[in-house]
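> can you look at this prediction? I've put the sequence above it.
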2 protein chains.
Amino acid sequence: MTRVLVVDDEPQLLRALRINLRARDYDVEVAADGTTALRRAGASPPDLVVLDLGLPDIPGIDVIHGLRGWTRVPIIVLSGRAGSQDKVEALEAGADDYVTKPFDIAELVARIRAVTRRVSVTGAGRRVDVGEHTVDLADKTVTGGVHLTPTEWHLLDVLLRNPGKLISQRQLLTAVWGPSYQRETHYLRQYMAQLRRKLETDPAHPRHLLTEPGMGYRFQP
Amino acid sequence: MTRVLVVDDEPQLLRALRINLRARDYDVEVAADGTTALRRAGASPPDLVVLDLGLPDIPGIDVIHGLRGWTRVPIIVLSGRAGSQDKVEALEAGADDYVTKPFDIAELVARIRAVTRRVSVTGAGRRVDVGEHTVDLADKTVTGGVHLTPTEWHLLDVLLRNPGKLISQRQLLTAVWGPSYQRETHYLRQYMAQLRRKLETDPAHPRHLLTEPGMGYRFQP
DNA sequence: CGTCGGCGTAGGGAAAGCGTCAAGACGGGC
DNA sequence: GCCCGTCTTGACGCTTTCCCTACGCCGACG
């Protein structure tokens, strides 16, 4: 199911979107302000963001930058400002589409579908082998009597859902600790070491939880 | 170079688009009606289509269907009709964006950039063959157990995203090290040598990472 | 034939980044 | 209130990566 994060506080819009998107098998989540939006997106990255630029707390353009710092999730901007300068600014900042209020709900839905049509759905298998152990991401269990703490699970989850792919330090920190921790690379070293101790056969020479110096970490199946 | 096929017959729009897109390194081709557009797209598939729905010969929506029958090339629709029903129809038919006339040329350019940016990230073309190795720019992996450092990735990234094209020394230095390093050409020699050692079959006689003496470097697929 | 500019290669010092140990801070359960 | 597991923070040695200098090669040119 495609997950859409809607950043807006108009109940009417939210209700209409929910109805229309549910029917097309989308899951709708909501954030009422920019701070909440960044936190929720970091905690559980959605497949698409619908972002109202008129937020109560922080400028909408900053939310775009905050997201683009670590993810390329598609962003559709809603705004009351119709000036082309505003549009260009938002699009250059990384937005994928810009819709001017007032708009028809059917048009927004059509644009959401147009954007998500391109996104490939990466179906995640829930059981993954790491060395001698087997990790079940859904049941949150590990074979061999290994027990992981919540933070360790969160970190491992991000890595295992992207097998073979390099995940940047910023991306990991944002996903696990939140956007304001993007420079606390120390946490990563700490918890990667713990995961290796618990999962790797030889923690000093990891074969699956690999470091890419200066860039990030990678799960090698 | 990204090739844009513009399907329209207004000389004013064509001229403005040509100027603005050339400056951003796009190549602009033109078709005045739907039949010509389909023929030209078929003969030599462009990277993006800008399609005016008000064509003299066939309905614009049919051009969309005609293209979508065999290609997923991004389509940006221009139209004088602002009704949401028209928009939904075009987007559902497979268009990626819908711009209502009259519009600012800067907005259209920004939307073109937004669409091509998304496609270049998610679409094909992220895997590139260099000699015996295959480089995945998104996952940051190289076949054959080759490992690259962050600076090497950065440099290779710029070259591989412009296959066959000469990249000046200044351009490379600015992209990788910053504008204040434009005269440190020995950095380039240093890191190009490392990339050749790691990727070329015969580093002394490179076949893909070529030097253009006095000018710059070129990636030859 | 010698000089010169541009290029490729090699190697070492400096700095940034990483892994590890250890201890303090915090919060929930008892 | 106390204990225990977990999360944060600090300190230190080690590795990787980067930056910089030096030198040899080659073709152009006078």
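That came in fine, so what should we check first? Residues are numbered from 1 along each chain as shown, chains lettered A, B, ... in the order given.
> rest of the way, CA atoms for contacts and neighbours
OK.
> residue A:65 is in contact with residue A:93, isn't it?
Yes: counting by C-alpha atoms under 8 Å, residue A:65 touches residue A:93, with 6.6 Å between them.
> where does chain A have low pLDDT?
Counting by pLDDT under 70, chain A contains low-confidence ranges at A:119-125.
> so which residues on it come close to DNA strand C?
On the criterion C-alpha under 7 Å from any atom of the strand, DNA strand C has as its neighbours in chain A the residues A:185-186, A:188-190, A:192-193, A:196, A:203-204, A:210-216.
> same list, these, but only the ones touching DNA strand D.
With C-alpha under 7 Å from any atom of the strand as the criterion, the members of the residues of chain A next to DNA strand C in contact with DNA strand D are A:186, A:190, A:212-214.
> would CSV of the residues you listed with secondary structure and neighbour count be doable?
Putting these into CSV (DSSP: H, G, I helix; E, B strand; the rest coil; neighbours: other C-alpha atoms under 10 Å in any protein chain shown) gives the following:
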residue, secondary structure, neighbour count
A:186, helix, 9
A:190, helix, 10
A:212, strand, 18
A:213, coil, 10
A:214, coil, 11
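> for DNA strand C, see how far away the residue sitting nearest the centre point of chain A is.
For chain A, residue A:45 is the residue whose C-alpha lies nearest the centre (C-alpha atoms, centre = their mean; 2.0 Å). Shown here: residue A:45 relative to DNA strand C, a distance of 23 Å by C-alpha to the nearest atom of the strand, to the nearest Å.
> phi first, then psi, for that residue.
Backbone dihedrals for residue A:45, given as degrees, to the nearest 10, come out at phi -60, psi 120.
> please enumerate the strands of chain A.
Under the criterion DSSP state E, chain A contains strands at A:2-7, A:26-31, A:48-52, A:75-79, A:97-100, A:127-130, A:133-136, A:141-142, A:166-168, A:209-212, A:216-219.
> any idea which of the ones you listed gets closest to residue B:142?
Closest of these to residue B:142 is strand A:166-168, at 11.7 Å (criterion: C-alpha to C-alpha).
> that closest one pairs with which strands?
Sheet neighbours of strand A:166-168, with direction, are listed as strand A:216-219 (antiparallel) (DSSP bridges).
> what sits up against the partner strand?
Residues lying outside strand A:216-219 but in contact with it, judged by C-alpha atoms under 8 Å, 6 or more residues apart in numbering or on different chains, are A:159-160, A:162-169, A:208-212.
> now do it: distance to the chain's middle.
Per C-alpha atoms, centre = their mean, to the nearest Å, the displacement of strand A:216-219 from the mean C-alpha position of its chain is 17 Å.
> same question, stretch A:177-196
17 Å.
> check contacts around the residue in chain A that chain B sits nearest to.
Shortest chain A-to-chain B distance, computed as C-alpha to the nearest C-alpha: residue-wise this is residue A:165, at 4.4 Å. Under the criterion of C-alpha under 8 Å, 6+ apart, the contact partners of residue A:165 comprise A:218-219, B:138-141.
> so residue A:34 touches residue A:60, yeah?
Yes: using C-alpha under 8 Å, residue A:34 is in contact with residue A:60, at 7.2 Å.
> okay, these two: which has more neighbours?
In this comparison of residue A:34 against residue A:60, neighbours counted by other C-alpha atoms under 10 Å in any protein chain shown, the higher total goes to residue A:34 at 26 against 22.
> state the distance from that one to residue A:74.
Between residue A:34 and residue A:74 the computed distance is 16 Å (C-alpha to C-alpha, to the nearest Å).
> buried ones only from the residues of chain A next to DNA strand C, please, as a PyMOL command.
Buried members of those, identified by 16 or more other C-alpha atoms under 10 Å in any protein chain shown, are gathered into one PyMOL selection as follows:
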select buried, chain A and resi 188+192+193+196+210+211+212+216
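> can you pull the residues of chain A lying near chain B?
If contact is defined as C-alpha under 8 Å from any C-alpha of the partner chain, the residues of chain A in contact with chain B are A:84-85, A:87-88, A:91-92, A:94-97, A:104, A:106-107, A:110-111, A:113-115, A:118-120, A:164-166, A:213-215.
> kindly recompute the last result at 6 Å.
Taking C-alpha under 6 Å from any C-alpha of the partner chain as the measure of proximity, chain A contacts chain B at A:84, A:88, A:96, A:107, A:110, A:114, A:165-166.
> how about TSV for those residues, with distance to DNA strand D added?
Shown next, in TSV, are these (distance: C-alpha to the nearest atom of the strand, whole Å):
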residue	distance to DNA strand D
A:84	39
A:88	33
A:96	31
A:107	42
A:110	41
A:114	38
A:165	16
A:166	13
